[in-house]
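Q: Have a look at this fold, sequence not included:
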Ligand code: NAD
Ligand code: IPM
Ligand code: MN
């Protein structure tokens with residue numbers, strides 16, 4: 001028998017609604033003999049406004065003892081002056097990604113049969129974005145001077161280290177070896193961001209010498225957005241930096257059935273720290289509290305979680321249950337809980 005120690009950070013807005021359904025499905029998916037032991041961490045904007053705390057060192061330390069973290073979404077009302085400057089997003093979500101060295105932000109994209117793409121002729125959409133998770137402009141390196149004057153200068157510096165780029169590029173090549181098409185596309189902007197671009201391109205070139213079976217390709221990020229819309233089937237594994245990866249994966253979600261289906265894993269491949277799984281979407285304040293959110297993205301994130309913990313059969317069964325649920329989805333609107341119940345019921349049948 002095995003116990004999975006799972007930390008839950010439901011967060012804000014629709015976060016708690018989708019996490020409830022994800023946990024329901026996760027518990028239905030694990031084989032007998034495996035227990036999911038959840039511990040709730042009520043962190044986020046709501047908690048900050050009540051307690052003044054975002055993520056203290058003690059909580060951060062407590063989280064280290066878990067096998068994995070499941071997060072819903074964080075972020076409150078963007079017009080609330082107390083939440084200005086993304087203090088929750090940076091102080092909680094990014095802090096966890098950085099502290100737990102989640103250098104791989106894994107974002108698979110698939111157009112499941114039965115899901116509708118806004119593209120009239122999408123073809124096969126089945127690729128995975130390996131987004132770097134600990135560098136780029138997300139590091140917070142930069143600053144402003146002469147703020148509020150006509151001479152204001154505002155800088156965000158994108159940090160790219162040889163160490164950081166190489167480890168995520170290696171992960172992307174390894175991912176490509178597991179896939180049928182064995183193709184890797186570097187996405188960057190080497191025609192303008194020449195310093196970082198050169199580092200990324202040289203790293204991909206060097207590592208590719210060790211992977212003769214992997215077909216390597218390059219696209220500028222602007223052109224990549226064209227092809228994601230006009231010919232998404234050309235993509236298999238995309239490796240890219242933190243900011244490009246953020247933007248591309250919302251687009252990837254949009255072409256593959258919507259943001260309500262897009263899952264992600266913030267992975268620490270070394271296993272030094274717990275990895276963290278979350279839907280790609282945010283707290284969606286426009287639909288929060290109404291049972292309107294699609295929990296599928298959170299549910300598919302538990303498939304990534306199970307896979308990461310070595311429970312590959314349980315992971316595959318979650319994906320299979322989601323696949324059949326999506327295929328059976330008609331035009332009838334279901335509540336968040338109804339979707340979770342339906343997917344959990346499919347698991348219980350097996
Ligand atoms: P968002 O993803 O929350 O919402 C964008 C649009 O997608 C909205 O119309 C929303 O209703 C819809 N949507 C999102 N998830 C959905 C779901 N599961 N089912 C159906 N519709 C869904 O992005 P945003 O509006 O830019 O951000 C809102 C807040 O969330 C901000 O505070 C932002 O910083 C934060 N955010 C957090 C995370 C995270 O915690 N990982 C990710 C993105 C944004
Ligand atoms: C995401 C989100 C985050 C990001 C924000 C909320 C900091 O958009 O997970 O995609 O930019 O990484
Ligand atoms: Mn994003």
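A: Perfect, I can see it now. The structure presented is a predicted model; accordingly, all values stated were derived computationally and were not measured. Residues are numbered from 1 along each chain as shown. Ligands and ions are numbered 1, 2, ... in the order given.
Q: count of neighbours near the closest residue to residue 170 other than its chain neighbours?
A: Residue nearest to residue 170 in three dimensions, not counting chain neighbours: residue 207, with 5.8 Å by CB to CB, 6 or more residues apart in numbering. For the C-beta atoms, the positions are set from N, CA and C on the backbone; glycine is no exception. If you count neighbours by other CB atoms under 10 Å, residue 207 ends up with 20.
Q: tell me the contacts of residue 207?
A: Contacts for residue 207 (CB atoms under 8 Å, 6 or more residues apart in numbering) come out as 166, 169-170, 173.
Q: burial measure for the nearest residue to residue 328 once chain neighbours are set aside, as a count.
A: Nearest residue to residue 328, sequence neighbours excluded (CB to CB, 6+ apart): residue 114, at 7.2 Å. Residue 114 has 14 neighbouring residues, counting by other CB under 10 Å.
Q: starting at the chain centroid, how far to the helix or strand in which residue 62 is found?
A: In this assignment (DSSP states H and E), residue 62 forms part of helix 57-63. With CA atoms, centre = their mean, to the nearest Å as the basis, helix 57-63 stands 22 Å off its chain's centre.
Q: Can you mark which positions in that helix are buried?
A: Buried residues in helix 57-63, counted by 16 or more other CB atoms under 10 Å: residue 63.
Q: Same question for stretch 2-21.
A: Quick answer for stretch 2-21 (16+ other CB under 10 Å): 4, 6-21.
Q: picking up where we left off before, can you tell me the SS state at the residue nearest to residue 328?
A: coil (DSSP: H, G, I helix; E, B strand; the rest coil).
Q: which residue packs closest to whichever residue of the stretch 251-350 of the chain sits closest to ligand 1, ignoring adjacent ones?
A: With CB to the nearest ligand atom, the shortest gap between the stretch 251-350 of the chain and ligand 1 falls at residue 282, namely 2.3 Å. Leaving aside its sequence neighbours, residue 282 sits nearest to residue 73 (CB to CB, 6+ apart; 4.9 Å).
Q: bridging residues for the one you found?
A: Applying DSSP bridges to residue 73 yields these beta-bridge partners: residue 11.
Q: Please report how far it lies from ligand 1.
A: Distance of residue 73 to ligand 1, computed by CB to the nearest ligand atom, to the nearest Å: 4 Å.
Q: wait, what's in contact with that residue?
A: Here residue 73 is in contact with 11-15, 18, 278-279, 281-284 (criterion: CB under 8 Å, 6+ apart).
Q: Please report the distance of it from residue 235.
A: 26 Å (CB to CB, to the nearest Å).
Q: what do you get for residue 13?
A: Taking CB to CB, one finds residue 13 at 30 Å from residue 235.
Q: From the centroid of the protein, which residue is nearest?
A: residue 264 (2.8 Å; CA atoms, centre = their mean).
Q: Ramachandran coordinates for that residue?
A: Dihedral pair for residue 264: phi -150, psi 160, per degrees, to the nearest 10.
Q: per-residue confidence at it?
A: Here, the pLDDT recorded for residue 264 equals 98.
Q: partners of it in the sheet?
A: Where residue 264 sits in a bridge, its partners, by DSSP bridges, are residue 278.
Q: Quick one: residues in contact with stretch 191-205.
A: 158, 160, 162, 165-166, 169, 184, 186, 188-190, 216, 218, 220, 239, 241.
Q: From residue 238, how far off is the closest residue to ligand 2 within the stretch 151-300 of the chain?
A: In the stretch 151-300 of the chain, the residue that lies nearest ligand 2 is residue 246 (4.3 Å; CB to the nearest ligand atom). In this structure, residue 246 and residue 238 are 13 Å apart, going by CB to CB.
Q: So for these two, which sits in the more crowded spot?
A: residue 238 (27 against 18).
Q: Is it correct that the residue of the stretch 251-350 of the chain closest to ligand 1 is in contact with residue 13?
A: Yes: using CB atoms under 8 Å, residue 282 is in contact with residue 13, at 7.3 Å.
Q: Quickly note the distance from residue 253 to residue 275.
A: 20 Å.
Q: my bad, residue 223
A: 32 Å.
Q: Specify which residue of these two has the higher count of neighbours.
A: When neighbours are counted by other CB under 10 Å, residue 223 and residue 275 differ, and residue 275 comes out ahead with 23 against 12.
Q: excluding its backbone neighbours, what's nearest the more buried one?
A: residue 267 (4.7 Å).
Q: wait, doesn't that neighbour sit right on residue 309?
A: No: using CB under 8 Å, residue 267 is not in contact with residue 309; the gap is 11.5 Å.
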